[in-house]
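> predicted model, plus sequence, below.
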Amino acid sequence: MVDSTRVSVVPDTPPALPDFTQWPSFPFEGDLRVKRLDDPVPVEPPRKGEGHRECTACNAPDDAYIWVGERWRVRAMDRPTGLPMVLILESRTHLDLGDLPNLLAAELGVMTVRLERAIRSLDGVGRVHVNRWGDGSAHLHLWFLARPYGRLQLRGTFLSLWDSILPPISESQWRENLAMVAAWLAEFGGRPLAEPPRIQWQAPSSLAESAGREEFEESVSVIESEEETPVTVDVTDGSGDAGEPGSVGVTPTVGEPTLTDARVGNVDPRLPATSDDPDRR
Ligand SMILES: [Zn+2]
């Protein structure tokens with residue numbers, strides 16, 4: 001009797017909590033339990049930019065980005081978040097990671113290194129996490145998340161969660177950081193669009209409103225970015241200047257300047273020539 005009762009209870013017993021809930025970096029404490037998994041679907045729904053869903057990236061104008069090049073663009077969130085910097089590198093062409101021709105694949109490496117270095121050079125940044133999930137949109141986009149220096153508790157897996165938990169950094173600091181990264185990238189080509197911070201006479205609330213960029217409202221944070229809304233597919237933007245698999249002429253290069261060097265104009269002149277921006281997102 002007793003045994004059969006126990007058996008019937010087993011299916012409802014939640015799995016034990018994994019060890020990471022005890023890690024110092026785990027953002028939550030208190031009573032937790034593991035969610036029940038939904039049944040797997042036989043066919044996954046289309047992501048943004050797939051099937052009949054519109055592609056947010058393809059539809060976004062250049063001025064929605066902090067830096068744009070011939071084949072890559074970099075954008076920020078629409079407002080400051082908890083981390084000192086969160087940026088997204090996108091290809092201009094509508095391709096996913098595994099579909100990149102060799103030229104773009106090589107440039108992706110160059111851009112990743114360049115952007116990581118630019119963000120890491122900001123004051124107060126201890127590390128830059130580079131992530132690619134790709135569950136929300138079919139259009140290639142890499143996340144760059146800056147971990148505040150000294151915040152050891154933010155190391156590792158849960159940094160993207162902490163971005164939504166920490167109080168947002170100041171608007172002025174955020175804009176200054178964006179301008180510095182944009183200027184850094186522009187030293188290699190492309191066009192910086194993030195401007196240095198202006199003197200702010202407005203109240204913080206009205207500033208947030210004027211920050212604009214509603215088209216990216218859904219990506220206020222890494223977590224929210226996973227939420228999506230239906231759209232329509234843009235087939236035209238596909239291949240364009242991507243180059244052929246065999247045409248890897250890019251010599252991913254080489255001595256990236258420090259931020260100070262970049263401001264002084266000490267840059268590698270080869271890059272802009274070989275590929276506009278072997279630049280960035
Ligand atoms: Zn697209």
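Structure received.

> next, count neighbours for Thr81.
Neighbourhood size, Thr81 [other C-beta atoms under 10 Å]: 24. For every residue, glycine as well, the C-beta is placed using N, CA and C.

> same check on the one 5 residues further on?
Close neighbours of Val86, defined as other C-beta under 10 Å, add up to 25.

> for it, give me phi and psi.
Here the main-chain torsion angles of Val86 (degrees, to the nearest 10) amount to phi -130, psi 120.

> again with Arg92
Dihedral angles (degrees, to the nearest 10) for Arg92: phi -70, psi -40.

> His52 now?
Residue torsions, per degrees, to the nearest 10, at His52 are phi -100, psi 10.

> write out the residues of this protein neighbouring the ion.
Residues of the chain lying close to the ion (C-beta under 5 Å from the ion) are Gly49, Cys55, Ala57, Cys58, His94, His139.

> would you agree the last one is in contact with Lys48?
Yes - look at His139 against Lys48 with C-beta atoms under 8 Å: they come within range, at 7.2 Å.

> make CSV from the residues of the chain next to the ion and add pLDDT, distance to Ile169 and neighbour count to it.
Output for these, formatted as CSV (pLDDT from 0 to 100; distance: C-beta to C-beta, whole Å; neighbours: other C-beta atoms under 10 Å):
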residue, pLDDT, distance to Ile169, neighbour count
Gly49, 97, 30, 24
Cys55, 97, 30, 21
Ala57, 97, 25, 27
Cys58, 97, 30, 21
His94, 98, 32, 25
His139, 98, 27, 24
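
> ok, of those residues, which one's closest to Asp19?
Closest approach to Asp19 among the residues of the chain next to the ion (C-beta to C-beta): His139, at 35.5 Å.

> in TSV: the residues of the chain next to the ion, plus secondary structure.
Shown next, in TSV, are the residues of the chain next to the ion (DSSP: H, G, I helix; E, B strand; the rest coil):
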residue	secondary structure
Gly49	coil
Cys55	coil
Ala57	helix
Cys58	helix
His94	coil
His139	coil
